[in-house]
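[1] no FASTA, just this:
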């Protein structure tokens, strides 16, 4: 079997059998297509350890980050493990493949005071002017921070997914796993204002609005890129990063939950993490914030 055909079969397996998210499948496909481009038009059986090492070396030469190299090596190991288990190849060439370890980078997190000030500014602006897009943007920010959901989950919300009175939303997460997440009173008020005063005006701009909760300026379902632009514009100055996106609000929500005494497993359920280890990164964030405060405040620090 040619390497390109094997990659296609593997990604179809991830999508149809493993039922991984579309984003995860795209990431595997991208990494393995890069391997195919590096190795050339060869069969999967011709791929050996030297081919894999040469692939990672080329990535190093073009300046790929250590995290990218580690991810690509992991994708290759998964691919060749699958090929071995399905008897497409006799031996796994990736068993001795070593990639640089990922450097530990802590999530970007805004402070509680900064978030409170930011959201209050947007609430005042939205309620004073009554502009549909301002009301929508305020509801988006409150919902992302108040629930900790992913941007894809926010964009996929339909009207029937919301229970505003009970302050819960039903979202479809990674691997098509459904969960119900809570949100707070400020998010409920922002959503009510948006749904009553702004969404009807946006619906009137398009015949294709459907059941989507959050709509774009032309009346269709809002896309992740528009939400990224919004968050980057308003949150970037607070955290000192021009590349910050909606995930920063998810990081911030998780960290503030743990700072407030929430149980780690409860936060795992809210965020929809398959592994508790993924959620534990936020305990490191809280610990480092505590250490920074100590060093600033204690005379013997």
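    Great, that's in hand. Since we're looking at a predicted model, the values are computed, not measured.

[2] give me the mean pLDDT for stretch 34-44.
    Across stretch 34-44, pLDDT averages out at 93.

[3] what does that stretch contact?
    If you take Cβ atoms under 8 Å, 6 or more residues apart in numbering as the criterion, stretch 34-44 is touched by 1-4, 6-7, 46-47, 51-52, 54-55, 58-59, 72, 76, 83, 88-89. From N, CA and C alone the C-beta is placed, and that goes for glycine too.

[4] likewise stretch 50-62?
    Outside stretch 50-62, the residues that touch it by Cβ under 8 Å, 6+ apart are 34-35, 38-39, 42, 68-69, 72-73, 76, 93-94, 97, 99.

[5] flag every buried residue along it.
    The neighbour-count check on stretch 50-62 (16 or more other Cβ atoms under 10 Å) flags 51, 52, 55, 56, 59 as buried.

[6] now, among those residues, which is nearest to residue 271?
    Relative to residue 271, the closest of these is residue 59; by Cβ to Cβ it sits at 30.7 Å.

[7] could you look up the SS state of that closest one?
    Secondary structure state of residue 59, per DSSP: H, G, I helix; E, B strand; the rest coil, is helix.

[8] all helices of the stretch 201-301 of the chain, in order?
    Taking DSSP state H, counting those that start in this stretch, the helices of the stretch 201-301 of the chain run over residues 224-239, 246-259, 264-271, 276-279, 281-297.

[9] ChimeraX command for the buried members of the contacts of stretch 50-62?
    Buried subset of those, written as a ChimeraX selection, criterion 16+ other Cβ under 10 Å:
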select :34,35,39,68,69,72,73,76,93,94,97,99
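
[10] from the contacts of stretch 50-62, which single one is nearest residue 135?
    Nearest member of these to residue 135, counting by Cβ to Cβ, is residue 68, at 39.3 Å.

[11] wait, a strand at the closest one?
    No - read with three-state DSSP, residue 68 is helix and lies in no strand.
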